[in-house]
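Please find the sequence and the predicted model below.
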Amino acid sequence: MRLREWTVDDAAWYAEATRDPEVQRYTTDPPTITAAQAAAAIEGLRTNPATASFCVEDAGERCGNVAVDLADGVGHVSYLIAAQARGRGLATRALAEFVAWIFANHPVDELRLWTHRDNTGSRKVAERAGFVRDPARDDDREIKGTNWPTVAYRLCR
């Protein structure tokens, strides 16, 4: 497993990966994202120092995404693993490596993430990567026109 920078050549793969029912069920990615929109987002990464995102790759295969948005000493982390790559432990390894990269390269004191309450896989990934529950930040969020009960996690430097 390795993390690498996204390229515009990855855009069509990303757009297709986000159409997976589990990705749609548990991420904010819209079901209508196009390769052109994904390519524009990838290009935007190069000019936005407050955002970082990497392709999760395993044995040369694109497998997922890890991302962080940075603001005021806090990083807001997200991740996804494509359907064909689940069950290999990639999410936990990718998140742990990404956390180390964030702390080594950015002046943040805390990382936060949230997930849908019912997304037990993502919750286990967060905990295995060292994140701890932060119930004070649990919230109901409007995502894609519906109300999502979310649970929060954090990891301090």
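Good, I have the coordinates.

E61 - nearest residue in space that isn't next to it in sequence?
A85 (7.0 Å; Cβ to Cβ, 6 or more residues apart in numbering). Quick note: C-beta positions are derived from backbone N, CA and C, even for glycine.

so how many other residues sit close to the one you found?
Other residues lying near A85 total 19 when counted by other Cβ atoms under 10 Å.

One more: the one 3 residues further on?
Around R88 sit 13 other residues, with neighbours defined as other Cβ under 10 Å.

The one 4 residues further on too?
T92: 19 surrounding residues under other Cβ under 10 Å.

Check G121 too.
Using other Cβ under 10 Å, G121 is surrounded by 15 other residues.

hmm, back to that, so who does the residue nearest to E61 touch?
By Cβ atoms under 8 Å, 6 or more residues apart in numbering, the contact set of A85 is 56, 58, 61, 63-64.

hey, where'd the strands end up in the chain?
2-5, 51-58, 61-71, 74-81, 110-116, 132-133, 139-143, 146-156 (DSSP state E).

Please name every helix or strand in contact with the fifth one.
This points to strand 110-116. helix 21-26, strand 74-81, helix 120-128, strand 146-156 (3 or more Cβ pairs under 8 Å, 6 or more residues apart in numbering; DSSP states H and E).

With respect to D10, which of the ones you listed lies nearest?
D10 sits nearest to strand 74-81 of all the helices and strands packed on strand 110-116, at 13.5 Å, using Cβ to Cβ.

Could I get the average pLDDT for that closest one?
Averaging pLDDT along strand 74-81 yields 97.

Model confidence for the residue of the chain most remote from its centre, exactly?
Using Cα atoms, centre = their mean, the residue of the chain lying farthest from its centre is A136. It sits 21.5 Å away. Looking at A136, its pLDDT stands at 97.

List the contacts of the closest residue to V66 other than its chain neighbours.
Spatially, and ignoring its direct neighbours in sequence, V66 is nearest to F98 (4.3 Å; Cβ to Cβ, 6+ apart). Shown in contact with F98 (Cβ under 8 Å, 6+ apart): 3, 54, 66, 68, 77, 79.

next one: P49
L70.

so how far is A104 from it?
Applying Cβ to Cβ, to the nearest Å, the value for P49 to A104 is 15 Å.

which residue is nearest the centroid of the chain?
Y79 (1.9 Å).

beta partners of that one?
In this entry, Y79 is beta-bridged to V66, by DSSP bridges.
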